[in-house]
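Undergrad: output the structure for:
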Amino acid sequence: MKQSSLGMSNTVKRTRKREFLDAMALVVPWAELVSLIEPYAPESGRRGQQPFAVQTLLRIHFMQQWFKLSDPAMEEALHDVPAFRDFAGLSHWDEHIPSESSILRFRHLLERHKLAEQILATVNALLQAKGLQLKAGTVVDATLIAAPSSTKNEDKARDPEMHQSKKGNQWYFGMKAHIAVDADSGLVHTVRGTAGNVSDIVEANSLLHGQETDAFGDAGYQGVDRRPDARPGVRWHVAMRPGLRRALDKDKPLDALIDQFERTKARIRAKVEHPFRVLKQQFGYVKVRYRGLRKNTAQIVTLFALSNLWMVRHELLAMGQVRVQGA
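TA: Numbers count the residues shown, from 1 in each chain. Sure thing, here's the model as predicted:
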């Protein structure tokens, strides 16, 4: 018997939250991801309460990312929000709800075995098989993610793995998410997490997957093709420095042509802003949740895997000939 049959979740209105979950339930490759994680999961049959199904915990883990919920807040939300229980497959009135400890242990399992990177790879393999990712070009960029700068904590110190970074005339404290996206689709294929003071250009060549022939970056990547780790066979198209571009005389044919070329490069580079928008606006991720780079990087990688699915949800639903109201 489900809670809905008891009148506990009867409602006429389909909320945005439920529509979002219904769409993501259809586009996430659950079977492939469960097969990836199951070899590392605790086996059933032991004494005491049996472990929850991997798919249940994975669905809960993804909801944490989508709705910015800590482990205790996620447990409470499962008790309070019928849509969350339905998505997790916990709609029966007599089913146990995972505790915050169970949710925490599952997250630690993913971190311990570095499964976030494999989740991204699995999602991208699916999208590539469906023709939604090309390999000819890559766009790279980085964004700052703020971290608490307060020392009012147990250690009386800021996170030692986070650092200050200056952008324009403003100083920020936190980490950087360096990403590379497909130049055609805008889907993320590589993610690196570093301290906030690591220069964008340092990570640039490590973001390439090795099959592209062209790479694009903003003016901060000037000189990337001359670095010792530069990859042969890759043509870098880096934006002109703003001061030099402003100095162009558009009335001169050559300068006008250069400016038009810069506009073309900028349109291609704009693809890298879409995943950042999903991460910060759709999923609300603007500040790190944990201490240390490893945990926060794992969360960011997972978020970008989910952002890829979100950005192509309409195409995936159309391929499956499935329609979700409001999706």
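
Undergrad: now do the helices in the stretch 1-150 of the chain.
TA: Ranges of helices in the stretch 1-150 of the chain, per DSSP state H, counting those that start in this stretch, are 16-27, 30-37, 54-67, 71-80, 82-88, 100-112, 115-129.

Undergrad: could you dump those to a markdown table with mean pLDDT, distance to Gly196 and mean neighbour count?
TA: Where you see a C-beta, it was placed from the backbone N, CA and C, and this is true even at glycine. Formatted as a markdown table, the helices of the stretch 1-150 of the chain follow (pLDDT from 0 to 100; distance: least, C-beta to C-beta, whole Å; neighbours: other C-beta atoms under 10 Å):
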| stretch | mean pLDDT | distance to Gly196 | mean neighbour count |
| --- | --- | --- | --- |
| helix 16-27 | 94 | 31 | 18 |
| helix 30-37 | 96 | 31 | 16 |
| helix 54-67 | 97 | 22 | 21 |
| helix 71-80 | 96 | 26 | 16 |
| helix 82-88 | 95 | 33 | 21 |
| helix 100-112 | 96 | 21 | 17 |
| helix 115-129 | 96 | 20 | 19 |
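
Undergrad: I'd like to know which of these lies nearest to Pro275.
TA: Minimum separation from Pro275 across the helices of the stretch 1-150 of the chain (C-beta to C-beta) falls at helix 115-129, 11.6 Å.

Undergrad: excluding its own residues, what touches that closest one? List them.
TA: 29, 32-33, 36-37, 40, 109-110, 133, 135, 185, 187-189, 191, 297-299, 301-302, 304-305, 308-309, 312 (C-beta atoms under 8 Å, 6 or more residues apart in numbering).

Undergrad: quick one: Tyr221 and Asn205 touch, right?
TA: No - under the criterion of C-beta atoms under 8 Å, Tyr221 makes no contact with Asn205, lying 9.8 Å away.

Undergrad: of the two, who's got more company?
TA: Per other C-beta atoms under 10 Å, whichever of Tyr221 and Asn205 has more neighbours is Tyr221, with 23 against 19.

Undergrad: and the strands in this protein, which stretches?
TA: Listed in chain order, the strands of the chain (DSSP state E) span 137-146, 163-167, 170-182, 188-195, 214-217, 235-238.

Undergrad: name the helices or strands packed onto the first one?
TA: Applying 3 or more C-beta pairs under 8 Å, 6 or more residues apart in numbering; DSSP states H and E, one finds that strand 137-146 makes contact with strand 170-182, helix 200-204, strand 214-217, helix 253-269, helix 273-277.

Undergrad: can we see that at 6 Å?
TA: Strand 137-146 sits against strand 170-182, strand 214-217, with contacts defined as 3 or more C-beta pairs under 6 Å, 6 or more residues apart in numbering; DSSP states H and E.

Undergrad: lowest confidence element among the helices and strands of this structure?
TA: strand 163-167 (a mean of 87; mean pLDDT, DSSP states H and E).

Undergrad: that one: partners in the sheet, and parallel or antiparallel?
TA: With DSSP bridges as the test, strand 163-167 is paired with strand 170-182 (antiparallel).

Undergrad: between the partner strand and strand 188-195, how big is the angle?
TA: 150 degrees (axes from the mean of the first three to the mean of the last three C-alpha atoms, to 10 degrees).

Undergrad: may I see the buried residues of strand 170-182?
TA: Using 16 or more other C-beta atoms under 10 Å as the test for burial, strand 170-182 gives 172-182.

Undergrad: between it and helix 115-129, how big is the angle?
TA: Going by the same axes, to 10 degrees, strand 170-182 makes 40 degrees with helix 115-129.

Undergrad: burial measure for Thr138, as a count.
TA: Thr138 has 25 neighbouring residues, counting by other C-beta under 10 Å.

Undergrad: quick check, it in contact with Ala180.
TA: Yes - between Thr138 and Ala180 a contact is recorded at 4.9 Å, counting by C-beta atoms under 6 Å.

Undergrad: what sits against the residue nearest to Ala230 when sequence neighbours are not counted?
TA: Closest residue to Ala230 apart from its sequence neighbours, by C-beta to C-beta, 6 or more residues apart in numbering: Asn205 at 5.7 Å. For Asn205, the contacting residues are 229-231, by C-beta atoms under 6 Å, 6 or more residues apart in numbering.

Undergrad: if I look at Asn205, how far off is Pro29?
TA: Going from Asn205 to Pro29 by C-beta to C-beta, to the nearest Å gives 30 Å.

Undergrad: having no further points to raise, I will conclude here.
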